[in-house]
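Trainee: Predicted coordinates and the sequence they were generated for:
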Amino acid sequence: MIEHDPWVDPLFDSEGIRGQRLGIVGYSCWIDDDHPRYTIESVENVISGAWSNVRFFNGVASYFGMGRAEFYNRVVMFEFVPCSIGGRQDRYARATAEQAAAGRERTLRLANEHEIDKLLFFSGKAWKSMPLGLEKSEGRRQFLGDTRFEFGHYQLGERQVTAAGLRHPQYASRALMVSAVEQILALPIDRRAFA
């Protein structure tokens, strides 16, 4: 199985967004000619303006009050499904069992490798495909303010990463998403603050 390389910009390490290292997670891509650099090339096309009307990329950047280039130059971006889900006719398909297992492992591995502070899943399918976080494995659920969006934490060795499940921009109210992003950014990075 091909694994797409994540987009990682140099400003992610030095500045991030409000000093936080964010991982932006979509669900999948759909192309016939799959190759490892697809995500990198996609984000390059978004930043350059060659792909100016892609709702996912535009919506996510706008929730942070930033233009596409400013935003994507400060984050790690990848899809939960590590390879193409298929061709255009498969754009709404779900991952196979093998792809989903690889996606779960990959998401946590990338969060650990890049020392991501917060994972933002802009896909209900991706969020629901992840293993239980610390709180859910203890039978607890946490929500962002008055939204229905859940958040929690994963233990990655010596550190923890905050993770939040949001909606795909295609199906989301902009005002709700802006509010949710603000609440995510306001969450402490160290889980011990919740104890």
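Mentor: Perfect, I can see it now. Numbering: from 1, shown residues only.

Trainee: And the residue nearest the centre of the protein?
Mentor: The residue lying closest to the centre of the chain (Cα atoms, centre = their mean) is residue 25, at 1.9 Å.

Trainee: And stretch 94-102, what's buried?
Mentor: By neighbour count with 16 or more other Cβ atoms under 10 Å, stretch 94-102 contains the buried residues 95, 99-100, 102. Placement of C-beta: from N, CA and C, glycine included.

Trainee: same question but for stretch 137-155, I mixed them up
Mentor: For stretch 137-155, by 16+ other Cβ under 10 Å, it's 144, 147, 149-154.

Trainee: just stretch 127-138 next, same as before
Mentor: Residues of stretch 127-138 classed as buried: 127, 129-130, 133, 135 (neighbour count, 16+ other Cβ under 10 Å).

Trainee: Looking at those residues, which are in helices?
Mentor: Of the buried residues of stretch 127-138, the ones assigned to helices by DSSP state H are 127, 129, 135.

Trainee: right, and out of these, which lies closest to residue 158?
Mentor: Lowest distance from residue 158 to those (Cβ to Cβ) belongs to residue 135, with 19.1 Å.

Trainee: so that closest one touches residue 152, yeah?
Mentor: Yes: counting by Cβ atoms under 8 Å, residue 152 is a contact partner of residue 135 at 4.4 Å.

Trainee: shared neighbours of the two, anything?
Mentor: Taking Cβ atoms under 8 Å, 6 or more residues apart in numbering as the criterion, residue 135 and residue 152 both touch 141-142.

Trainee: which residues of the chain fall in helices?
Mentor: Under DSSP H, the chain gives helices at 10-14, 38-48, 55-63, 68-72, 97-113, 124-129, 134-137, 174-186.

Trainee: What about the residue nearest to residue 24 when sequence neighbours are not counted, how many residues nearby?
Mentor: Distance criterion Cβ to Cβ, 6 or more residues apart in numbering; nearest residue to residue 24, sequence neighbours excluded, is residue 77 at 4.5 Å. For residue 77, the neighbour count with other Cβ atoms under 10 Å is 24.

Trainee: coming back round to it: what's the farthest-apart pair in the buried residues of stretch 127-138?
Mentor: 129 and 135 (17.5 Å).

Trainee: Ranking helices and strands of the chain by mean pLDDT, which lands last?
Mentor: helix 10-14 (a mean of 87; mean pLDDT, DSSP states H and E).
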